[in-house]
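**Student:** Just a sequence and a predicted model for now, questions to come.
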Protein chains: 2
Amino acid sequence: MFQIEPIGYVRNTRSQLLDDDWDRVPARIELVESLPPEALEGLEEFSHAEIIYQFHRVADSAIERGARHPRGNPHWPRVGIFAQRAKDRPNRIGATIVEIKRRQGRVLEVAGLDAIDGTPVLDIKPVMAEFLPRTPVRQPDWSHELMQNYWNASGGS
Amino acid sequence: MFQIEPIGYVRNTRSQLLDDDWDRVPARIELVESLPPEALEGLEEFSHAEIIYQFHRVADSAIERGARHPRGNPHWPRVGIFAQRAKDRPNRIGATIVEIKRRQGRVLEVAGLDAIDGTPVLDIKPVMAEFLPRTPVRQPDWSHELMQNYWNASGGS
């Protein structure tokens, strides 16, 4: 067991657990007061950052440890929780690559963060091309279907 | 504060904290016995997975909370710990996209994991193209220089 302490919190206008249409929701990440603003120094030289956060509203009893149909949809195959990015997972960790808009002091403004208002942030990492997939990405059809409206509910990208 | 429990452990042949040449080190991730093998079911339909892990050998006293030169190199700018992917960071969380080689029961064989033998794994997520950067990636020169030998010490990629 490890202790993890939030390094900041998400501030935005979405407080309900909705699945889709995240591009509508610009967000700020505010570092906790115990961290100096210089912890973010230079991050604005990168176009993207990866935000590691906690799905803090998921109850212990909701956590899936085996397999299930993604979003409970019987048209998609029953797959393991580690073959999904669903929130109801052991340790409740989310990880999303966002676009960096602006940084001011302890505040980072981002686009494309799929986390609700008040979400505890556990880490922020700069995206380096060398850490992206170095071979072609292959994924099952159900995952493309699931993502259809994720960023933009009109189904575009 | 949150409690985090490892969902598995890294098994490979590297037990020293070395910075570079990670492509030489194929790895296995073994799920803990308390999780059923079906938690990994269907992951083999994806080419890549993101592994979230803990830099467990980093001492509390080594954690950087402000800014520093990456790898202590004065030729690179002094930047915040959240503008680096260094291990000496608050919460000691690592996140790396790996190539999936094979999955058998509770064991996932991967390539391109930059974690030493015995590293606790906190989460495994499938890589979906929709979660990769959707706009061009820009990053400072120092980060390309730092990554030069990271995967392959001969400087190739």
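**Tutor:** It's in. Residues are numbered from 1 along each chain as shown, chains lettered A, B, ... in the order given.

**Student:** For chain A, which segments are assigned as strands?
**Tutor:** Using DSSP state E, the strands found in chain A span residues A:2-4, A:8-11, A:27-31, A:48-54, A:67-68, A:79-80, A:93-104, A:107-111, A:120-126.

**Student:** Can you name every helix or strand that the fourth one contacts?
**Tutor:** Using 3 or more C-beta pairs under 8 Å, 6 or more residues apart in numbering or on different chains; DSSP states H and E as the contact criterion, the secondary-structure elements in contact with strand A:48-54 are strand A:93-104, strand A:107-111, strand A:120-126, strand B:93-104. The C-beta positions use only the backbone N, C-alpha and C, and glycine is treated the same way.

**Student:** how far does it sit from the chain's center?
**Tutor:** Relative to the centre of its chain, strand A:48-54 is centred 6 Å away, using C-alpha atoms, centre = their mean, to the nearest Å.

**Student:** The one residue sitting closest to the centre of chain A and B:Asp60, how far apart?
**Tutor:** Chain A has A:Thr96 as the residue nearest its centroid, 3.5 Å off, counting by C-alpha atoms, centre = their mean. Going from A:Thr96 to B:Asp60 by C-beta to C-beta, to the nearest Å gives 28 Å.

**Student:** and if you look at A:Gly80?
**Tutor:** Distance of A:Gly80 to B:Asp60, computed by C-beta to C-beta: 34 Å.

**Student:** Between those two, which is the more surrounded one?
**Tutor:** More neighbours surround A:Gly80 than the other of A:Gly80 and B:Asp60, with 24 against 6 (other C-beta atoms under 10 Å in any protein chain shown).

**Student:** Now do the contacts for the more buried one.
**Tutor:** A:Gly80 makes contacts with A:66-67, B:38-43, as judged by C-beta atoms under 8 Å, 6 or more residues apart in numbering or on different chains.

**Student:** Just the buried ones from those?
**Tutor:** A:67, B:38-43 (16 or more other C-beta atoms under 10 Å in any protein chain shown).

**Student:** quick one: low-confidence parts of chain A?
**Tutor:** Across chain A, the ranges flagged by pLDDT under 70 are A:155-157.

**Student:** related to what we said a few turns ago, please name whichever of the strands of chain A is nearest to A:Glu145.
**Tutor:** Among these, the nearest to A:Glu145 by C-beta to C-beta is strand A:79-80 (13.2 Å).

**Student:** Just checking: what are the partner strands of the closest one?
**Tutor:** Each strand paired with strand A:79-80, and its direction, by DSSP bridges: strand A:67-68 (antiparallel).

**Student:** Distance from the strand it pairs with to the middle of the chain?
**Tutor:** 21 Å.

**Student:** and if you look at stretch A:38-53?
**Tutor:** Taking C-alpha atoms, centre = their mean, the mean C-alpha location of stretch A:38-53 is offset from the chain mean by 14 Å.

**Student:** What of stretch A:18-31?
**Tutor:** On the basis of C-alpha atoms, centre = their mean, stretch A:18-31 sits 9 Å off its chain's mean C-alpha point.

**Student:** ok, now stretch A:92-104?
**Tutor:** Distance of stretch A:92-104 from its chain centroid, counting by C-alpha atoms, centre = their mean, is 7 Å.

**Student:** If you count neighbours, what's buried in that stretch?
**Tutor:** Here stretch A:92-104 shows A:92-100, A:103 as buried, counting by 16+ other C-beta under 10 Å.

**Student:** out of those, which touch chain B?
**Tutor:** Applying C-beta under 8 Å from any C-beta of the partner chain, the subset of the buried residues of stretch A:92-104 adjacent to chain B comprises A:93, A:95-97, A:99.

**Student:** returning to what we had before: want to try TSV for the helices and strands packed on strand A:48-54, with distance to B:Pro26 as columns?
**Tutor:** Shown next, in TSV, are these (distance: least, C-beta to C-beta, whole Å):
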stretch	distance to B:Pro26
strand A:93-104	23
strand A:107-111	35
strand A:120-126	24
strand B:93-104	7
